[in-house]
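Participant: Next come a sequence and a model predicted from it.
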Amino acid sequence: MKIGILETGLLVPELAERHGTYPQMFERLLAGRGFDFETWSVVQEQFPNGPEAAEGWLITGSRHGVYEDHPWLPPLEQLIRDITAAGRPLVGVCFGHQVIAQALGGRVEKFAGGWSVGPQDYDFPGGRRRLQAWHQDQVITPPEGAQTVARSDFCAHAALLYPGRAYSVQPHPEFDDATVGGLIEKRGPGVVPDDQLDAARAGLGQPLDSALLADQFERFFRERRIS
């Protein structure tokens, strides 16, 4: 099965060289599951011809906000609508989670409660899962028809299921401790409050449930369901 990865953000070169690009992280996360991958860097205005270019689609994270003015955002939102209308399964993570919601009629904002960084606990169907987070923006109002299937004390809509069409999550199952440690050192200072960076750094090394999210993504790509 061919998965088209829509790259919406670029890591700083030092982190990309050390940990891989966003698409490479997802290829690692989903390795050994029978998928082939092709990436279109939409953040650099590289777009596929249409939904038929891949059998399933995945939208990455980004440092950008979905409410910002970028020339690649309107065509990305149209592509999201085209993919879901065509019945191709779509998965989104962090920025991908947010832009799917916005494209389909939801509302995303810079959250007044601040940042969430490092390992966090989320209530998913089947139990509590620990995953890496790195975000301030949140889906505030999901689109009509979207089902909230995971949440945390900080994030009310941490995962959204669009039955038969799309599945998206706010946390980062593709991030490991080394990636988050690099973000703490290279992107956090002066942006994220120091006490939160310290807490995130102290939380590294805990077991993560990233593989369970990879299972959900595979199931959604193949069967349009997460359980």
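Facilitator: Ah, there it is. Residues are numbered from 1 along each chain as shown.
Participant: Which residue ranges of the protein form helices?
Facilitator: For the chain, the helices defined by DSSP state H occupy 13-19, 22-29, 73-86, 95-103, 177-186, 194-203, 210-223.
Participant: elements contacting the second one?
Facilitator: In this case it means helix 22-29. If you count contacts as 3 or more CB pairs under 8 Å, 6 or more residues apart in numbering; DSSP states H and E, helix 22-29 packs onto strand 2-6, strand 36-40, helix 210-223. The way it works is simple: take the backbone N, C-alpha and C, and place the C-beta from them, glycine included.
Participant: CSV please, covering the helices of the chain and showing distance to Gly65.
Facilitator: Converted to CSV, the helices of the chain look like this (distance: least, CB to CB, whole Å):
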stretch, distance to Gly65
helix 13-19, 20
helix 22-29, 16
helix 73-86, 10
helix 95-103, 8
helix 177-186, 17
helix 194-203, 19
helix 210-223, 23
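Participant: winner for burial among the helices and strands packed on helix 22-29?
Facilitator: strand 2-6 (a mean of 23; mean count of other CB atoms under 10 Å).
Participant: Return the list of helices and strands in contact with that one.
Facilitator: Where contact means 3+ CB pairs under 8 Å, 6+ apart, strand 2-6 is packed against helix 22-29, strand 36-40, strand 56-59.
Participant: That strand pairs with which strands, parallel or anti?
Facilitator: Applying DSSP bridges, strand 2-6 is found paired with strand 36-40 (parallel), strand 56-59 (parallel).
Participant: hang on, isn't Pro71 packed against Glu45?
Facilitator: Yes. The criterion here is CB atoms under 8 Å, and Pro71 meets it with Glu45 at 6.6 Å.
Participant: For the nearest residue to Glu52 once chain neighbours are set aside, give me its contacts.
Facilitator: Closest residue to Glu52 apart from its sequence neighbours, by CB to CB, 6 or more residues apart in numbering: Ala86 at 7.2 Å. Listed by CB atoms under 8 Å, 6 or more residues apart in numbering, the contact partners of Ala86 are 50-52.
Participant: so what's the spatially most central residue of the chain up against?
Facilitator: Centre of the chain computed as the mean C-alpha position; nearest residue by CA atoms, centre = their mean is Val93, 1.1 Å away. When contacts are counted by CB under 8 Å, 6+ apart, Val93 touches 26, 58-61, 168-169, 171-174.
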